[in-house]
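*Asks:* Quick one: sequence and predicted model below, then my questions.
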Number of protein chains: 2
Amino acid sequence: MRATATALLVLLAVVPGVARAESGRAAWLRYQPVDAPVRAQYAAWHAPVRPLHDSPALQAAANELTRAIASLLATSGGGGPDDPPLRPPVTGGPQGAAAPRVAAGIVLGSLDEVRRAIRGATPPAALPPDAYWISTTSRPIAIAAANDRGVLYGVFAVLDRIARQQPLPTTWQDAPAAPVRWVNEWNNLDGTIERGYAGRSIFFEGGHVADDLTRAGEYARLLASIGINGCTINNVNANAEVLTDRFIPQLVRVADVFRPWGVALSIAIDFSSPMKIGGLDTFDPLDPRVAAFWKARVDAIYQAIPDFGGFVLKADSEGRLGPSAYGRTHADAANVIATALAPHHGLLFYRGFVYNNHMDYRDLKNDRARAAVDNFKPLDGQFLPNVILQIKYGPIDFQVREPASPLFAALTSTNQAIELQITQEYLGQQRHVVYTPPMWKEVLDFDMRVNGAATPVRTLVTGKTFNRPTGGFVGVSNVGRDENWLANDLSVANLYGFGRLAWNPEASPRTIAEDWTGLTFGRNAKIVSTITSLLLDSWPAYERYTGNLGIGTLTDILGVHYGPGIESSERNGWGQWHRADGLGVGMDRTSATGTGFTAQYPPAVAAQFESLSTTPDELLLFFHHVPYTYRLKNGKTVIQHIYDEHYLGAEQAAGFVSRWTTLEGSIDRDRYAAVLKHLEYQAGHAIVWRDAIVSWFRWISATPDAHGRAGHFPGRVEVETMTLDGFTSTAVTPWETASGALAAACRSGRTCTATSTFAGDPGPSDVAVAYFDESDGASRFRLLVNGRTIDTWTADGDVPSPTPNGHTATRHTTRNVMLQPGDAIRIEVDADRNESGAVDYLEITPATAADGSSRPR
Amino acid sequence: MRATATALLVLLAVVPGVARAESGRAAWLRYQPVDAPVRAQYAAWHAPVRPLHDSPALQAAANELTRAIASLLATSGGGGPDDPPLRPPVTGGPQGAAAPRVAAGIVLGSLDEVRRAIRGATPPAALPPDAYWISTTSRPIAIAAANDRGVLYGVFAVLDRIARQQPLPTTWQDAPAAPVRWVNEWNNLDGTIERGYAGRSIFFEGGHVADDLTRAGEYARLLASIGINGCTINNVNANAEVLTDRFIPQLVRVADVFRPWGVALSIAIDFSSPMKIGGLDTFDPLDPRVAAFWKARVDAIYQAIPDFGGFVLKADSEGRLGPSAYGRTHADAANVIATALAPHHGLLFYRGFVYNNHMDYRDLKNDRARAAVDNFKPLDGQFLPNVILQIKYGPIDFQVREPASPLFAALTSTNQAIELQITQEYLGQQRHVVYTPPMWKEVLDFDMRVNGAATPVRTLVTGKTFNRPTGGFVGVSNVGRDENWLANDLSVANLYGFGRLAWNPEASPRTIAEDWTGLTFGRNAKIVSTITSLLLDSWPAYERYTGNLGIGTLTDILGVHYGPGIESSERNGWGQWHRADGLGVGMDRTSATGTGFTAQYPPAVAAQFESLSTTPDELLLFFHHVPYTYRLKNGKTVIQHIYDEHYLGAEQAAGFVSRWTTLEGSIDRDRYAAVLKHLEYQAGHAIVWRDAIVSWFRWISATPDAHGRAGHFPGRVEVETMTLDGFTSTAVTPWETASGALAAACRSGRTCTATSTFAGDPGPSDVAVAYFDESDGASRFRLLVNGRTIDTWTADGDVPSPTPNGHTATRHTTRNVMLQPGDAIRIEVDADRNESGAVDYLEITPATAADGSSRPR
C-alpha cells in the first residue's frame, strides 16, 4: 500500500507547474493555497502528524493531511496539485499503547488512543463506524474515530473546511447517515465500460486487472474524500470469470490500492457461476452443491482479501440467469450467497431491477413500473440480514423524471439501498451538463406517508424507518481513464454530490454545488455563483428539451440512450412506453382505469397520483393518459406546454454558453476551453432535441404551436434544397431527427459541396451548419462565403453511432460573419472513411452578442 | 431473319410432349386443337399459304399461319405448342407483280397484290397502316393490308378467332386506334431489369446485347400477335453507351429478330450523350455541335437499321441530366433530337415524368401532382411533329388508384402517348395477382370534358381530339427470362390486355380476360369464368388491402415499392405524401385551400374534384384532407372504411386461393401449382398489408374499429413471447410490419426454437406461421407438435430485401392439424447464411374447408 501511496505523490509531483494548466485529474482535491488574511487561523495545522497506530488508512490519512496542509498554507508561487510545496514530516516512533503522550502536532487514532494520548481530551465514549471526532484546540490537535476509516474522513473534513476557508470549530464530530455508501463501476474485463462515457477502464484491460492501478488508487482517494466506503469494480452484467482462482490474485491487487482509502472492494457476480466456472450441472440455489460452491468461492476471496466488501448480483433481469430457472425465489438466490458471506461480514446487494423485457405493449394493463413491487414485496422478510435490495430511484430506469420507486415503502423487513446514477446514461452522457443532486434530492425527500406519517425516502433507504441493520446509497459512477474522470469537468460535480448526499441526504444541492465549485474552480464569488447557478439550472433545462411532464427521456431507449428517438419508447418489449397517439399521450397507471401501479404506493400517495387533479404536472404523463388539449395546472394545454418547454430548454442551453463565457480569464484556460466546447455542443444538440420532439408532436397531434415557432425556422435553408455537387438527398431515421426529415449525404472519400445564395438582411450574422458527426470517420468541414473559407472544423466527436440520426445530429456555429444579400454561402465536406459527411441545414441569423442579445444590423 | 424464325420453330419442336406440362412460354399462343364439332368450318384454312411478295414479315406471317393452323386443326394426340403436328407447306414460286393468279389456298399481300391475285376480290382501296382486310370465302382466301405488318396482324386475328372457336365472317377488316402501340423494357446493359420481376434480361448481358436472342424473337412474336409495333429495349435511365459505334452492330442483331414480327426497335437515350460519348464539352441542345452530334448518331443508326423506331428520352427527372443544365426547355431538348430523326421517320418519345424530387414536404402548397402540367403545358405547340410526349396515366407514379393525368387534356398541339405499366411495380410485383386492364380502362374512359364536350382520355391519347399526326400507347412491360415471361402466369394477362386496349381502347376488360383465359388455360366454361372473375376481382382486392380512397399504394416508396411502409409516403423529397396525422389524412389539392392541382383540369372536372361532395370516394384522399371522422358517401367514417376495406381485401385474397383450387385437374398441373403457390403467398402477404395499415391508422387516429377486429387476433401467439432457445426479440422497422412490432430473430448458421403450449379448443386446426423470408439466405423451417415434425418449408422466396420488414413478411399455413389443449407447438428454424430466420407470430385457428368455411370441431 505504501508503494502505491508514494506512487500517487510522485505522480502529482512530476506534473510540471507550467502555465497553471489543469487537467481536472485532481478533481475537488486541488488544495489551492488559502488567502493570506485567513491563513493564520489554520497555522496550528502546519505541524507534524502522528498516527497513533500503524495501518494503511492511518498512514494514508497522515500523508494526505501533511501534504494537503503544506499546499493549502503555502505562501507563494506554489500550491495546487501541480506544484507540491515543502511538507512537514510525518513523525515516526513508537505507536499504539506504547506511544507516549505528546504535546504538539496532530495525532490520528482511535477514540481510546486519543483519550490516552492527550491530557484532558474528551472524545465521545463511542461513535458509529466511519464517524469522526475532531479537536482543533487541544495540543496536540486530534482526529479520532471508532475505526481507521473514520479518522481518514475526519482528515478530509478538516481539509475541506480549510480549502473552503471556513472557520474550524473547537471540536466537532459527524457521522454518516447510513453504513452503505458505495459506488458501482460497470466495467467489463476487456476494459470497456457499459454506459461509461469517459474512456476505458481504470481497473481492467484485456480480460484481466490492469497492470497499472495508479488511477484506481487515485480514484479510491477521491472516494474517501467524500465518504464513499465501497466500490464494485465490474459490470453488473458480470463475467463469471471474476470468481475463479485465477482471478482472485488480481482482485488482491485492487484491494491493495483501495485499502489505504478505506474503500472496500466488491465485485458483481454471475448467478450461474456454479455451472459456468464451478463444474456443476446446476446453479439451483437450493442445491447443496451450489451452496458449497458459493461457500468455497467466498472463503477463497476472504482468505485473500479479509476486508472484501461483498457482491452485487443482477439476476433474472435483461437476459441474466437467475433463480427462476429453477422456480426459486429471489430470496433463495440472495440467501444462498449471503449465507456464505455472513461469517466474513460480507454484504450481498441484490438488484431490484428485475422486469420482463418481452412485454406486450398492446396490453394496456402491462406496466414495467409495477415490476419491482410485484417481484419483491411478496418476499419481504425472507432475505437474510446481510442482504441489501439495491433499488433504482424510480420504477423505470434512470429517466430524467420519475416518481420515487414504491418499493422503498413496500419493504419493512428487508434492507435496502437506493441506486442513483452518476454516469449520465439517459441524461446527456456527460456531453450535456446535467447536475443531478437536485433530482436525487427530490426523490430522497419524497414523502411516502407510510402509516400516514412523514416518511421521506431518505429515512427508508438509510434503514431508519424500520430499524434495519444496514442500508444506504449506491451510485453508478463509471469513471474512466479520461484525465478528468468523467469526460466533462462539470459532470464531476455529480460524483462529489453523490458522496455528499450519501453522507448526509439532508444536504442542500445548492450548498453542494457551491462547495464543489469553490474547491474545483476557485473560491472567487463570481466563479461560484456563475457555475452554481448553471449547475442548478441544468437538470430543469435538460428535462425541458428532452421530455417533460413525466413522459421520460424521449431517447432511443433500445440503443445508446442518447439522442432523440421518440418512437423507440413505444411498441418495444422493454416496457418503456409513452402511449402517444393522435389524440393524447401518457401511461394510464391509475387503479381505476389503468395498470394499477398507483396502488403500489402507501394510501395517501396512491390517492395523490390516482387523481388527475392532485398529480403534479411534472409527473402527469407518468401516471395519466390525457388528450393533448388537457389543461395543466399552469393553464396551458399539454401540447402547448410541450412546445413551450422545449423552446425554453433549448434557450437555456444556449444561455449556458453565454454564462460560461463570462468566466473567461477567471479560471484556468484548459478547463475553461474544454467546458465551453461541451456547452456549445450541448446548445446545438438541445436544438436537435427541441426540433425533433416539437416536430413529432406537432405532426401526431395535428395541433399548431400557438406561438408559431414549431415548423418555422427563420433563416434556415435545408441543405438538400441547395445546389449540390456530390451530395445526395437522404432520408434520416428517425425522421424527426433531421430538419425536414432529410439530409444531404456525401460519399466516402469524396468532397461534396452545397451552395446557396444569401437572401437575408445585410449585417453581421451567425451561420449555423447542422450536420451529423458519426462515429465512423472524422470528416472535414469548410464554410465559405463568396469562395473564401471563413471557418473549418472536423466531425471528430465521440457520439456512439455510425449513421445520421438524433445521436449524431449536431451544429457548428460560425459567429459574426458579415453578409450581404447575394453572397454565395458554400459548405464543403471531405467525407472521411465511412462517415457520410451528411449535412442537414444551414441557419443564418443576426449575430448575437456574448450576452445573447442580437447585434444591431 | 429466317434463321431466327427457324430457331423458334425448332425450339418449340424440341420440347417433349410429356404429361402436358406447360411452362407458360407459349403464353396465349398455344394453338390448342379446336373441338371436333367446330373443326370443319375452318377446314379451308388447312391449305398452302402464299406470300405475294418476299419480306421478313410476310414470311413470318405465312409460317405462323401454316404452323398454327396445323396445330389448331389437329385431330388427335398432338396439338399445343409442345407437340407441333404435321404442317402444310408454304408455297414458294414467283411473287410480286410476276405472280400468277391463284385459285386455292391462302394469299398474303398488299391490297394491290390481293386485288390482282384474286378474281373479283374487293379489298378496300386503302387502309391505314397496320390495319388489315380478310376475305375468308374467296378462293384463295386472302389477308391484305397497306403494309406487311397489317398482314401479320390479319393472320393473328384469324388465328385468334379460330383458337377461340369463333365463326369467321365472310370478310372483315380492323384498324388500330392509334399508330403508336409500343412497349418499353427497362433493361440495363448488365442484364438486370429496373422494376423487372421475372428474371434477367432477354436482350442484354454483361454490358452488351445477349449472344442468344431466341427469347427476344419469341417476345416479338407475342407482341405482334396483339398488335404491338414498337419496343424500346433499354432502361429509360439510359446508358449513353447504346449510341456508340461499338454498340450499333449489336442493336442490328436485335432489329433482325424483331423485323419478322413488325416490331420496330427503339432505344432509350441519355441526354448528356454529346458529352459522355461524343467528346463534346456540352450537351446544350441549342449548340450546333450538339445538333451535329445527334444527327450523326441518328444517321449511323438508320444506316444500320433502316426501320429503326426512334428514341425514348427521360431528361431532367430523378437525377437524369436534361436541358435545365443550360436553361433550355424540354422542347429544345426534344426538338434537337427529333430534327435528326425526322428524315428517317423516327419518333422521339419525351417522357412527361419530370418533377422535383427534392421537394419540401412541409410546404403544404408543394405538390408533385402539379409537375406534369406545370412543366409541359407552357411548351404546348413547341414540339416538332415527330415528338410524342409520353405521359404516365396518373399525375404521381403508377399508384393503385390515381385520377387521370390532367396533362392529357392540357396539350392541344402536342402529340401524346399514355404510359401504362404492365410490370406490377406498385401493384404486387407479380407476386400478387392484379389484373390491370380495368384500372387502365377507367383512366382511358375518364371524361376530361374539354370545352364542355365528352372527351375520354382515349380520344386524347390517340390524337383524335385534336387531330394530332400521331399518338397512342406505351406499356412498360419488363418481361424477363422466366419461362412464362412475367413470373406469374396470371400476370401475363396484363401484357395481353395492354395490347388489346392499345389496339382498341373501347374493348371490355372482361372480354379481354375471357379471351386471354380461354387461349391461355382452356376454353372450358368453368376455367374461363373462374379465372376471369378472379382477374376482375384482383385489382379491387389489391386496392382494398394496400391503400384505398385514393391515398396511393401505402408502400415503401423510397425503396423497392413492394410491401407496406406507410410512413415512407411522407416527409420525403419525392412528393408522395398522404399527410396523415393524428386528426386526419389526405392531400388537399383543391384550389381553394390546397395545392391548386384541381385547377389543372378542364373546368367541369376541376369543379368536380374541387368539391368534397362531388369527389368520388375512391379519390377522396387524393384530392382532400379530411378528418378520420369524415363520412363517406357510403355512410362510413373514413377510419372505419379503412379498417373495413383492409379486412375485406385480405378476405378476398384468401378467397382467390379457394377459387383457384376448384380448377385442380382442369388445367395443367405445373401452371396450376405455380399459380396456387403465388395465390397462397398473396393471401398471406395481404394479411401483412392489412395488419400493417390497420395497426398504423388505429394508432395514429386513436380510433377503435367498430367491429373490434383491429388489434385483436384470435389464436395469435407472438413468437417473442414463446419459450425461446436461440431466438432473440427484435424490433422490426417499420414497426407496423410486424405483429406487436417485434419478431424473434435467429442468428446466422444457428438452429433456433420457439415453443408454446396450445390452449385453444381441440380439433382440426390451421397453423399459420408468420415469418420473414429475406433475400440473404434460404432458412429451413419446421413445425412440430409434441416433438413430431408435421411440416417443413424453406424461406427461399425472391423478395428483394435482406431484413425483416413489410417486404419480407410472409406466412406459411399448415392446414388441418389435429390439436388438443396442452399440445406443445414448436417452430424450429435453421437460419441460413445471412438470413435472420426471424419469426413474427403463430396463429392457430379452426381448420377451414376448401370453400373457406370452418370445419366442425
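*Replies:* That came through fine. Residues are numbered from 1 along each chain as shown, chains lettered A, B, ... in the order given.
*Asks:* all helices of the stretch 1-150 of chain A, in order?
*Replies:* Under the criterion DSSP state H, counting those that start in this stretch, helices of the stretch 1-150 of chain A are mapped to A:2-14, A:36-39, A:56-72, A:111-117, A:148-163.
*Asks:* ok but A:N235 is inside a helix, no?
*Replies:* No. Counting by DSSP: H, G, I helix; E, B strand; the rest coil, A:N235 is not part of a helix but coil.
*Asks:* how near is it to B:S836?
*Replies:* 27 Å (Cβ to Cβ, to the nearest Å). All C-beta spots, glycine's among them, are computed from the backbone N, C-alpha and C.
*Asks:* Could I get the full set of strands for the stretch 401-550 of chain A?
*Replies:* A:415-421, A:471-476 (DSSP state E, counting those that start in this stretch).
*Asks:* partner strands of the shortest one, parallel or antiparallel?
*Replies:* When you say that, I think you mean strand A:471-476. Strands that pair with strand A:471-476, judged by DSSP bridges, come out as strand A:180-184 (parallel), strand A:415-421 (parallel).
*Asks:* Dump these into CSV; add mean neighbour count and mean pLDDT as well.
*Replies:* Shown next, in CSV, are those (neighbours: other Cβ atoms under 10 Å in any protein chain shown; pLDDT from 0 to 100):
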stretch, mean neighbour count, mean pLDDT
strand A:180-184, 27, 98
strand A:415-421, 27, 98
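*Asks:* of all these, which lies closest to A:A738?
*Replies:* In terms of Cβ to Cβ, the element of the strands paired with strand A:471-476 nearest to A:A738 is strand A:415-421, at 29.6 Å.
*Asks:* Can you pull the residues of the stretch 351-500 of chain A lying near chain B?
*Replies:* Residues of the stretch 351-500 of chain A lying close to chain B by Cβ under 8 Å from any Cβ of the partner chain are A:357-358, A:360-362.
*Asks:* Could you single out the nearest of those residues to A:R571?
*Replies:* Using Cβ to Cβ, A:Y361 comes nearest to A:R571 of these, at 5.0 Å.
*Asks:* which residues sit in contact with the closest one?
*Replies:* Contact partners of A:Y361, counting by Cβ atoms under 8 Å, 6 or more residues apart in numbering or on different chains, are A:570-573, A:575, A:577, B:740-741.
*Asks:* Show me how to select, in ChimeraX, the buried members of those.
*Replies:* To isolate the buried ones among those in ChimeraX, judged by 16 or more other Cβ atoms under 10 Å in any protein chain shown, type:
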select /A:570,571,572,573,575,577 /B:740,741
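*Asks:* Make a markdown table out of the contacts of A:Y361 and add pLDDT, distance to B:V799 and secondary structure.
*Replies:* As requested, the contacts of A:Y361 are arranged in a markdown table below (pLDDT from 0 to 100; distance: Cβ to Cβ, whole Å; DSSP: H, G, I helix; E, B strand; the rest coil):
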| residue | pLDDT | distance to B:V799 | secondary structure |
| --- | --- | --- | --- |
| A:E570 | 89 | 27 | coil |
| A:R571 | 87 | 23 | coil |
| A:N572 | 85 | 25 | coil |
| A:G573 | 83 | 26 | coil |
| A:G575 | 89 | 32 | coil |
| A:W577 | 94 | 31 | coil |
| B:G740 | 88 | 21 | helix |
| B:A741 | 89 | 20 | helix |
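*Asks:* Need the pLDDT of the residue of chain A found nearest chain B.
*Replies:* Relative to chain B, the nearest point of chain A is A:G582 (2.4 Å; Cβ to the nearest Cβ). With respect to pLDDT, A:G582 scores 96.
*Asks:* I figured it was touching A:I700, is that so?
*Replies:* Yes. Between A:G582 and A:I700 a contact is recorded at 5.8 Å, counting by Cβ atoms under 8 Å.
*Asks:* just to revisit the earlier point, what's around the residue of chain A closest to chain B, how many residues?
*Replies:* Neighbours of A:G582 under the rule other Cβ atoms under 10 Å in any protein chain shown: 22.
*Asks:* Leaving out chain neighbours, which residue sits closest to it?
*Replies:* Spatial nearest neighbour of A:G582, excluding adjacent residues (Cβ to Cβ, 6 or more residues apart in numbering or on different chains): B:G582 at 2.4 Å.
*Asks:* close enough to count as contact, A:A157 and A:W133?
*Replies:* No. Contact criterion Cβ under 8 Å: A:A157 and A:W133 do not qualify, at 10.5 Å.
*Asks:* Look at the two and report which has more neighbours.
*Replies:* A:W133 (24 against 20).
*Asks:* measure that one to A:L108 for me?
*Replies:* 12 Å.
*Asks:* Pull up the overlap in contacts between these two.
*Replies:* Contact criterion Cβ under 8 Å, 6+ apart; residues bridging A:W133 and A:L108 by contacting each: A:142-144, A:154.
*Asks:* Which residues are in contact with A:R149?
*Replies:* When contacts are counted by Cβ under 8 Å, 6+ apart, A:R149 is found next to A:57, A:129-130, A:224, A:229, A:262.
*Asks:* Can you tell me which of those residues is nearest A:F727?
*Replies:* Once Cβ to Cβ is applied, the member of the contacts of A:R149 that ends up nearest A:F727 is A:A224, at 54.6 Å.
*Asks:* Neighbours of the closest residue to the closest one other than its chain neighbours, how many?
*Replies:* Among residues not flanking A:A224 along the chain, A:W261 sits closest, at 3.8 Å (Cβ to Cβ, 6+ apart). If you count neighbours by other Cβ under 10 Å, A:W261 ends up with 29.
*Asks:* burial of the closest residue to A:G120 other than its chain neighbours, as a residue count?
*Replies:* Nearest non-adjacent residue to A:G120, counting by Cβ to Cβ, 6+ apart: A:S138, 7.3 Å away. A:S138 has 20 neighbours, counted by other Cβ under 10 Å.
*Asks:* what does the one 10 residues further on give?
*Replies:* Per other Cβ under 10 Å, the neighbour tally for A:D148 reads 24.
*Asks:* Give the other helices and strands that the strand or helix carrying A:L341 contacts.
*Replies:* Assigned by DSSP states H and E, A:L341 belongs to helix A:330-341. If you count contacts as 3 or more Cβ pairs under 8 Å, 6 or more residues apart in numbering or on different chains; DSSP states H and E, helix A:330-341 packs onto helix A:288-304, strand A:310-313, strand A:347-351, strand A:387-392.
*Asks:* Just send the ones you listed back as a markdown table, with mean neighbour count too.
*Replies:* Putting the helices and strands packed on helix A:330-341 into a markdown table (neighbours: other Cβ atoms under 10 Å in any protein chain shown) gives the following:
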| stretch | mean neighbour count |
| --- | --- |
| helix A:288-304 | 17 |
| strand A:310-313 | 26 |
| strand A:347-351 | 27 |
| strand A:387-392 | 27 |
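*Asks:* would TSV of the ones you listed with mean pLDDT be doable?
*Replies:* Shown next, in TSV, are the helices and strands packed on helix A:330-341 (pLDDT from 0 to 100):
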stretch	mean pLDDT
helix A:288-304	98
strand A:310-313	98
strand A:347-351	98
strand A:387-392	98
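*Asks:* Export the ones you listed as CSV, with columns for distance to B:Q640.
*Replies:* Formatted as CSV, the helices and strands packed on helix A:330-341 follow (distance: least, Cβ to Cβ, whole Å):
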stretch, distance to B:Q640
helix A:288-304, 59
strand A:310-313, 53
strand A:347-351, 48
strand A:387-392, 44
